[in-house]
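**Q** 3D model of this:
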Amino acid sequence: MKARSLTMSLATRFASGVCLAAALIQGAEAGQSSPAAHKHSPYLPVSVSQHARTYYGMMKGIDNLSVRSTASGNLIRFSYRVTDPQAAHLLGEKTATAYMYGETSHALLEIPVMDKVGPLRQTGPLETGREYWMVFSNKGSPIKAGERVDVFIGSLHVDGLIVE
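**A** I've put the predicted structure just below:
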């Protein structure tokens with residue numbers, strides 16, 4: 001009698017395992033993901049550390065760095081304030097090519113050039129305390145809000161900015 005109940009218990013466990021496996025396979029085939037895949041990180045994103053802000057202010061002559069999505073996500077604006085025009089001279093040069101790289105999407109964005117306007121960035125002599133900007137084309141929205149991006153302007157690299 002005990003052998004029969006043990007056999008029935010094992011058969012029940014086996015059948016329930018097969019049903020669970022079949023349900024998981026059907027969910028995966030239907031494009032559904034497990035509930036654990038939809039969990040978000042409990043940590044808040046931090047844009048730029050205080051150490052990095054001090055470094056950019058002292059060594060590169062810029063502060064108040066921000067990256068924002070504009071024009072329904074088709075453009076991304078990088079803005080900064082100049083604290084030392086001599087250290088930040090590279091940002092005002094027309095010949096310095098600027099790129100934005102999305103760390104998650106691996107997209108490389110460039111500054112668009114308009115026929116009558118030219119490149120969508122401010123160039124020329126820089127002034128202390130003045131805000132400047134440059135706009136990157138994000139056609140197709142490969143870079144989304146909340147993603148970390150790096151900005152490359154000639155030899156200047158600004159890493160780990162978060163798109164707002």
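**Q** per-domain residue ranges of the chain.
**A** Domain ranges of the chain: 2-32, 50-162, per automatic domain parsing.
**Q** buried deepest among those, which one?
**A** Looking across those with neighbours counted as mean count of other Cβ atoms under 10 Å, the highest average goes to domain 50-162: a mean of 15. Yep, even glycine has a C-beta here, placed from its N, CA and C like the rest.
**Q** gap between the two ends of that one?
**A** Start to finish, the residues bounding domain 50-162 are 15 Å apart (Cα to Cα, to the nearest Å).
**Q** centre-most residue in this protein?
**A** Closest to where the C-alpha atoms of the chain average out (Cα atoms, centre = their mean) is Glu147, at 2.0 Å.
**Q** distance of it relative to His51?
**A** According to Cβ to Cβ, to the nearest Å, Glu147 stands 22 Å off from His51.
**Q** okay, and the beta partners of Ile76?
**A** Ser69, Phe136 (DSSP bridges).
**Q** please give the element, helix or strand, for Arg53.
**A** helix 50-55 (DSSP states H and E).
**Q** report the rounded mean pLDDT for that helix.
**A** For helix 50-55, mean pLDDT is 79.
**Q** stretch 93-108 now?
**A** 93.
**Q** equivalent analysis for stretch 77-87, please.
**A** 94.
**Q** centre of the chain to that stretch, how far?
**A** Chain-centre distance of stretch 77-87: 21 Å, with Cα atoms, centre = their mean, to the nearest Å.
**Q** before we move on, what about stretch 139-153?
**A** 5 Å.
**Q** span of that stretch from start to end?
**A** End-to-end distance for stretch 139-153, by Cα to Cα: 20 Å.
**Q** now stretch 131-148
**A** End-to-end distance of stretch 131-148 (Cα to Cα): 22 Å.
**Q** and it, how far from the chain's centre?
**A** 9 Å.
**Q** same question for that stretch, mean pLDDT?
**A** Per-region confidence: stretch 131-148 scores 93 on mean pLDDT.
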